[in-house]
Each structure stands twice: as C-alpha cells, then as structure tokens.
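Visitor: Provided below are the primary sequence and the corresponding predicted coordinates.
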Amino acid sequence: MKVLILGGTTEASALASALAERSIPAEFSYAGRVAAPREQPIPTRVGGFGGAFGLARHLRAGGFSHLVDATHPFARQMSLNAVAAARDSGVHLIALTRPPWTPEPGDNWEHAADIPAAVEALAGPAQRVMLAIGRMHLDAFLGQPQHHYLLRLVDQPDTQPPLPRHTVTVDRGPFTIANDRALLRGHRIERVVCKNAGGSGAASKIVAARELGIPVLMIDRPELPARREAHRIDAVLDWLAHDTDLGV
Ligand SMILES: NC(=O)c1ccc[n+]([C@@H]2O[C@H](COP(=O)([O-])OP(=O)(O)OC[C@H]3O[C@@H](n4cnc5c(N)ncnc54)[C@H](OP(=O)(O)O)[C@@H]3O)[C@@H](O)[C@H]2O)c1
C-alpha cells in the first residue's frame, strides 16, 4: 500500500500523522500557495501536477495504490482532477471531507451561491467587513470599493491587496473563539464574509459573530463530483485496511 494525500487542510495534516504513526507508506502534496507550509511527518512534495493527466502520471510513477483527496471544499479543480486521475490510473480514491456549517440559534446568515453573488450582496452603504476568503479572489471585491475590508491572510502579501480600503492581519488556523471575538470587536466589524468551509479550524469567527450579533454572508460550496467520502480519519484508515484485506 502507498497513499498520496492531497492536502492543505487541518484534516489532511491529521491524516498524515495517523499514517506516519502506523508506518503506512505515504506522500503529502501541497499546492504551494503558502510560503512556509506546515511541516508533515511524511515525505512532502509541493506544486501542481499538471492537471488530471499529470496527477495520473504521478500516481503511476510513484507506485501509489490509494489517493486521499483531503483538500479544502472550495478546491474544486483539484477534486475534479483527483476523480479523473484515479479513474485513469486505477488508484483507489476517497475524499476526506467535513460537513458544511449550518446556522444555529442566534446566527444571522445570508447565503451567496458563489463569490460574484457575494460581491453583489455587499451593495449598499460603506461598512467594516471581515473578508475571510483567503487571497485568491480579492480582486472581485473591487466591485464594492466603499467598504473597509479586514483581510486575514496566511502570509504577508508581497504586493498590496487590490482593495482601496483594507487592513491585513496575518495569521493561520486553527483559530480560537476568544481571539476572533477580540478581532471582530477590535476592528469594529459589522459584517463577516466567509466560505462555508466546515470543520473546526475556521469555525471560531462564526461563533464570535453569533456572540456579537454580527451578520454573516456565507458563500456556499461549489458542487463537487460524486466520489467515496469519509468525514473522519478513522474511517479513512478503515477504508485503507479493508482495501488491503481484499488484496488491493
Ligand atoms: N480554496 C480555498 O478556499 C482553500 C482554503 C484553504 C486551503 N486551501 C488549500 O489550498 C490549495 C489550493 O486550493 P485552490 O482552491 O487554489 O485549488 P484548486 O483551484 O482546486 O486547484 C488549482 C490547481 O492547484 C493545484 N493544486 C491544488 N491543490 C493541490 C495540492 N494539494 N497538491 C498539488 N497541487 C494542488 C492543481 O494544479 P495542477 O492542475 O497543475 O495539478 C490544481 O489544478 C489546496 O491544497 C487546498 O486544500 C484552499
């Protein structure tokens, strides 16, 4: 057995530790978006594969038997490539996913289907907005330049973010409710915009917004391909063990 983990999430790192503890041969893959990614206890590669074809080639060349797609729910292209490459190479695929967040009593959520819809929903008078969507799609929010945006980014940006009024805070998850409460209060945030990532690593801003009565504009997940899924590390380990019992 040899496992390739497509990473970039808290859950992917937890799976890497679980495989290392069990001495299961595995490799970890990062896209390379972050300057100093978290170190992993298994061999790690960084950078794109060159589409589904490149991933299939990597799987075959590396003698992998299993592929775990543990990417973020908004990493849609990578998940599409994983399905296609697993099919082409005959490697067994599972996605380690987390259920989406759902509103609880006290939450004041508005939903947006995607980033353009979120930009549209921000039309109106200037507000102080926490824009917790990473750095990739900030340009889109130039469509609503009246707001002051608080940007939480993993790295200090090399170039100035495109938004005319903004503050950058550099931090990486997992975050805590106490810190996020202080952050929202300190920056007098009136609205939070975020992706429905699910999981615990980034949930604290939602809880803090609930406690402070701040409305949340929640960007819903993109549609992902149908594939075998597990929500827990031990379910992935069971799947690996089961496949091995069958002689795969
Ligand atoms: N999107 C988010 O909001 C978000 C949030 C937190 C973390 N992340 C993490 O950041 C990474 C990039 O996300 P994204 O939304 O930019 O992905 P994406 O749009 O689905 O992927 C674009 C391309 O980046 C490369 N790529 C993505 N994930 C990779 C991985 N784990 N290993 C090697 N190559 C990878 C692939 O390039 P090739 O086609 O050349 O193989 C892929 O086609 C992922 O690892 C994801 O888990 C994303």
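Guide: That came through fine.
Visitor: C-alpha from now on. contacts and neighbour counts both.
Guide: Will do.
Visitor: okay, and for the chain, where does confidence drop off?
Guide: 244-248 (pLDDT under 70).
Visitor: swap the cut-off to 80 and go again
Guide: Applying pLDDT under 80 to the chain flags residues 243-248.
Visitor: Just want the most central residue of it.
Guide: Closest to where the C-alpha atoms of the chain average out (CA atoms, centre = their mean) is residue 72, at 2.9 Å.
Visitor: give the contact list for it.
Guide: Contacts here follow CA atoms under 8 Å, 6 or more residues apart in numbering; on that basis residue 72 touches 8, 9, 197.
Visitor: Just the buried ones among those, please.
Guide: The neighbour count (16 or more other CA atoms under 10 Å) marks 8, 9, 197 as buried among those.
Visitor: Going by distance to residue 114, which of those residues wins?
Guide: Taking CA to CA as the measure, residue 197 is the one of the buried ones among the contacts of residue 72 closest to residue 114, at 12.9 Å.
Visitor: ok, the closest one to residue 69 distance?
Guide: 15 Å (CA to CA, to the nearest Å).
Visitor: Check residue 225 too.
Guide: Residue 225 sits 12 Å away from residue 69, going by CA to CA.
Visitor: what is in contact with the two at once?
Guide: The contact lists of residue 225 and residue 69 share residue 79, where a contact means CA under 8 Å, 6+ apart.
Visitor: Spell out which residues of this structure are next to the ligand.
Guide: Selection of the chain residues close to the ligand by CA under 6 Å from any ligand atom yields 6-9, 29-31, 47-51, 71-72, 74-78.
Visitor: Now do the helices in the chain.
Guide: Remark: helices assigned in the chain by DSSP state H are 10-21, 51-61, 76-89, 115-121, 177-186, 204-212, 233-245.
Visitor: can you redo those as CSV with mean neighbour count?
Guide: Shown next, in CSV, are the helices of the chain (neighbours: other CA atoms under 10 Å):
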stretch, mean neighbour count
helix 10-21, 18
helix 51-61, 18
helix 76-89, 19
helix 115-121, 16
helix 177-186, 15
helix 204-212, 20
helix 233-245, 14
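Visitor: taking the residues of the chain next to the ligand one by one, which sit in strands?
Guide: 6, 29, 30 (DSSP state E).
Visitor: I'd like those written out as TSV, with distance to residue 138 and neighbour count added.
Guide: Output for these, formatted as TSV (distance: CA to CA, whole Å; neighbours: other CA atoms under 10 Å):
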residue	distance to residue 138	neighbour count
6	25	24
29	25	22
30	22	19
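Visitor: Pick out whichever of these sits closest to residue 145.
Guide: Of those, the one sitting nearest to residue 145 (CA to CA) turns out to be residue 30, at 32.7 Å.
Visitor: contacting residues for the closest residue to that closest one other than its chain neighbours?
Guide: Distances taken as CA to CA, 6 or more residues apart in numbering place residue 46 nearest to residue 30, at 4.7 Å, with adjacent residues excluded. By CA under 8 Å, 6+ apart, residue 46 lies in contact with 29, 30, 31, 32.
Visitor: what's the spacing between stretch 170-188 and its chain's center?
Guide: Distance of stretch 170-188 from the chain centroid (CA atoms, centre = their mean, to the nearest Å) equals 18 Å.
Visitor: same thing with stretch 181-198?
Guide: 17 Å.
Visitor: and what of stretch 147-159?
Guide: Distance, centroid of stretch 147-159 to centroid of chain: 17 Å (CA atoms, centre = their mean).
Visitor: Look at that stretch and report the distance between its end residues.
Guide: Calculated as CA to CA, the first-to-last residue distance of stretch 147-159 is 20 Å.
Visitor: Now do the contacts for residue 138.
Guide: Counting by CA under 8 Å, 6+ apart, residue 138 has contacts 161, 162, 163.
Visitor: again with residue 82
Guide: If you count contacts by CA under 8 Å, 6+ apart, then residue 82 has 52, 55, 67, 69, 93 around it.
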